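[1] Give me coordinates for this.
(2 chains)
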Amino acid sequence: MPDQGTPRPYVLMTSTAGRVHEPVQNGTLKPMRQPSGPEIFRSPLRGRWLTAVLGLVLLAGLTAVALTGFASHAAYEPRLPGNATNPGGGLLESWLFGWPTSPVWLYRVTQGMHVILGLALVPVVLAKLWSVLPRLFSWPPVRSLAHGMERLSVFLLVGSTIFQFATGVLNVQMYYVFPFSFYPAHYYGAWVFLAALVLHVALKAGTVRAALRDRGRDQSPAADSLAARRSRPASMSRRGLLGALAGTSATVVGLSVGQTLDGPLRGTALLAPRGYTSGTDPNDFAINKTAAAAGIDPAGTGPPWRLQLTGARSVALSRAELLELPQHTYRLPISCVEGWSTEQSWTGVRLIDLARLAGVEDPELVSVGSLQPTGPFGSASLSARQVADERSLLALRVNGADLSLDHGFPARIIVPAAPGVHCTKWVAMMRFQERSR
Amino acid sequence: MSRWQRWYGGSPGHLLALLACFALTGYAAAQVVQAGPWFAIALWFIGAALAHDFLLYPLYALADAALRGRARSGPPPAVSWRNHLRLPAAGAGLLLLLWFPLVLGLPETTYTAATGRSTDPYLEHWLLVTGALFTGSALSYAYRLRRARGHRR
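    Predicted structure coming up:
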């Protein structure tokens, strides 16, 4: 007990008068509490109705952002050799499922949504934190073991939410100021967020229901510990604030969603990393990594280049020989984990045809190696399902022209619905593995 | 009040739910230790938990208080201009908060290496959008002012 010696006022806790904040069993006598927030917070907009509405928006929105994020982790097929981005994992990788190749726009939509919806929710997250700020200074800071542990869980929720937003927003801008790898930090951060969110929803469901039922009318301290005790005159209504938030989110989306679209609308993405419009050149679309940055020596991509196929037998093919094999053309999107995407028309040889050339009838997987000397995605494995899909190509041409060096000349992988980093560029070798019986 | 209530301050279900949350968090934290520089990650996590309440909030609350002080001097205007300044400022501020690396050209080297382009246009874009937000707000203010004066005549 914090104070001793002084006589304390006792009130019957079923009364709504006075500053009482806790649900109380009928007729129990308990010490009266201090007001939960200091009186410097005087905005008349704060209150449990506003917090409840913002909380519900975030519950729906952040759940969608989290699920699409986990979907992206599955799309990376981290169990295949060379694909893992996170050391460790343990039980947190046990939920993984094989990523499909249909519909072809699947990753384009899930990852575009992960990034754009995440950006749109930033103003809502900030408003939610603003709405509960008086709670931070509630007195006494810890009322009981239960209260202290609950506050610790709120620390985990707020910390993980802002951590996820900060690392995500910086990563899509390629501003790598965090001294750690993005993938494991963002992935394990997501698990902390998920744990804290589920708990928070369970603990607050009753409060939200009560707040929505009385629509924030009862602002007595007993009912609404977030409402200001001494509020100043309102300069806008609660609905006005919600409208302003919706407008801000719409502005953020309007200025960034273009980077997931093709055609003239792409130019509307004024504030998004990949919003610029393409020219008329067949190769004039977004590049994830330039050949210069990947350390590609242009001399190595010329006539001496050979594609090394291994499987039941080894075959080396020149680009001219690859062009003599049956060619297929599909319109497929390139979709980046950073949220941008673009659909192009790719022409090349089916991966399954290359597997057969290497003497592998029923491939379990293919490991693809690039000319790229270093870097995290210099090689990647594709699953049995991805190799077997007839739209999965070793592309030699795009939009009717040879691939440019920046787009992976002499040959690159394109697989429907796969994350862009698995569409390896400057392919040098492919090792097919027969399915074991 | 039961002895349990007095000791813990919540129901047994409350305790179980919290312990489940902490157990999962602890397991994820153990994976982070394997994954790399866990100390830096922990520091960023703590910084993230404090960023809004102790950095962002004081900044925008002070800016808003300054605006409020200004609004209080002089006779009350026919139409309050306060929200017409606040809302575009909040919008422009939020866009800067999201895109400050590109707007300020901070990741120029990595951005150019990846895309083959420069971050130069982003400052212009942000200024353009900011200008549009304030212009739109000023126009709606002028419209409201005109209507208010028309009514009074």
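[2] can we go C-alpha only for contacts and neighbour counts from here?
    Noted.
[3] And whichever helix or strand B:Leu139 is part of, what's buried?
    Using DSSP states H and E, B:Leu139 sits within helix B:121-152. For helix B:121-152, the neighbour count (16 or more other CA atoms under 10 Å in any protein chain shown) marks B:122-123, B:125-126, B:129-130, B:133-134, B:137-138, B:141, B:144-145 as buried.
[4] counting contacts, what elements does the worst-scoring helix or strand of chain B on mean pLDDT pack onto?
    Within chain B, confidence by mean pLDDT, DSSP states H and E is lowest for helix B:57-72 among all helices and strands, at a mean of 87. Judged by 3 or more CA pairs under 8 Å, 6 or more residues apart in numbering or on different chains; DSSP states H and E, the packing partners of helix B:57-72 are helix B:82-103.
[5] And the helices in chain A?
    Ranges of helices within chain A are A:48-75, A:106-131, A:133-136, A:145-172, A:182-214, A:238-254, A:291-294, A:319-324, A:351-357, A:384-388, based on DSSP state H.
[6] Now do the last one: everything it contacts.
    Same thing as helix A:384-388. A:100-101, A:351-352, A:363-366, A:392, A:415-416 (CA atoms under 8 Å, 6 or more residues apart in numbering or on different chains).
[7] same thing but at 6 Å, please
    Residues outside helix A:384-388 that contact it (CA atoms under 6 Å, 6 or more residues apart in numbering or on different chains) are A:351-352, A:363-365.
[8] Spit out the contact partners of A:Pro333.
    A:342-343.
[9] for A:Ser379, same thing?
    Here A:Ser379 is in contact with A:368-370 (CA under 6 Å, 6+ apart).
[10] Identify the bridge partners of it.
    Taking DSSP bridges as the rule, A:Ser379 bridges to A:Gly369.
[11] about what we covered before: would you convert the helices of chain A into a markdown table that also reports mean neighbour count?
    Converted to a markdown table, the helices of chain A look like this (neighbours: other CA atoms under 10 Å in any protein chain shown):
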| stretch | mean neighbour count |
| --- | --- |
| helix A:48-75 | 19 |
| helix A:106-131 | 22 |
| helix A:133-136 | 17 |
| helix A:145-172 | 20 |
| helix A:182-214 | 18 |
| helix A:238-254 | 17 |
| helix A:291-294 | 18 |
| helix A:319-324 | 14 |
| helix A:351-357 | 21 |
| helix A:384-388 | 22 |
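[12] so which of those comes closest to A:Ser436?
    Nearest to A:Ser436, of all these, is helix A:384-388, at 11.8 Å by CA to CA.
[13] pLDDT on the closest one, on average?
    The average pLDDT for helix A:384-388 rounds to 97.
[14] how about that helix as CSV, C-alpha atoms only?
    In CSV, the C-alpha atoms belonging to helix A:384-388 read as follows (Å, rounded to 0.1, in the frame of the first residue of the first chain):
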residue,chain,number,x,y,z
ALA,A,384,7.6,-28.4,-57.3
ARG,A,385,4.3,-26.5,-57.8
GLN,A,386,6.2,-23.5,-59.2
VAL,A,387,8.3,-25.5,-61.6
ALA,A,388,5.3,-27.5,-62.8
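[15] Could you check the pLDDT of A:Gly5?
    pLDDT, A:Gly5: 39.
[16] what does A:Met174 give?
    pLDDT, read off for A:Met174, is 96.
[17] rewinding a little: chain A: which of the buried residues of helix B:121-152 is nearest?
    B:His125 (5.9 Å; CA to the nearest CA).
[18] Quick check: the closest one vs A:Phe409, distance?
    33 Å (CA to CA, to the nearest Å).
[19] So which residues on chain A come close to chain B?
    Applying CA under 6 Å from any CA of the partner chain, we find that chain A lies next to chain B at A:87-89, A:144-146, A:158-159, A:162-163, A:175, A:188, A:192, A:195, A:248, A:270, A:287-290, A:293.
[20] Show the pLDDT at the residue nearest the centre of chain B.
    Geometric centre of chain B, nearest residue: B:Leu94, 5.9 Å, by CA atoms, centre = their mean. According to the prediction, B:Leu94 has pLDDT 98.
[21] Which residues of chain B lie near chain A?
    Checking chain B against chain A by CA under 6 Å from any CA, the hits are B:8-10, B:21, B:25, B:28, B:31, B:34-35, B:45, B:48-49, B:91, B:107, B:113-115, B:125.
[22] Filter those down to the ones in helices?
    B:8, B:21, B:25, B:28, B:31, B:34-35, B:45, B:48-49, B:91, B:113-115, B:125.
[23] which of the residues you listed are buried?
    Buried members of these, counted by 16+ other CA under 10 Å: B:8, B:21, B:25, B:28, B:31, B:35, B:45, B:48-49, B:91, B:113-115, B:125.
[24] and the least confident of the residues you listed?
    Among these, B:Ala35 carries the weakest pLDDT, at 82.
[25] which residues touch that residue?
    Contacts of B:Ala35 (CA under 6 Å, 6+ apart): A:Pro87.
[26] distance of A:Ala75 from chain B?
    20 Å (CA to the nearest CA, to the nearest Å).
[27] Nice, that's everything, thank you.
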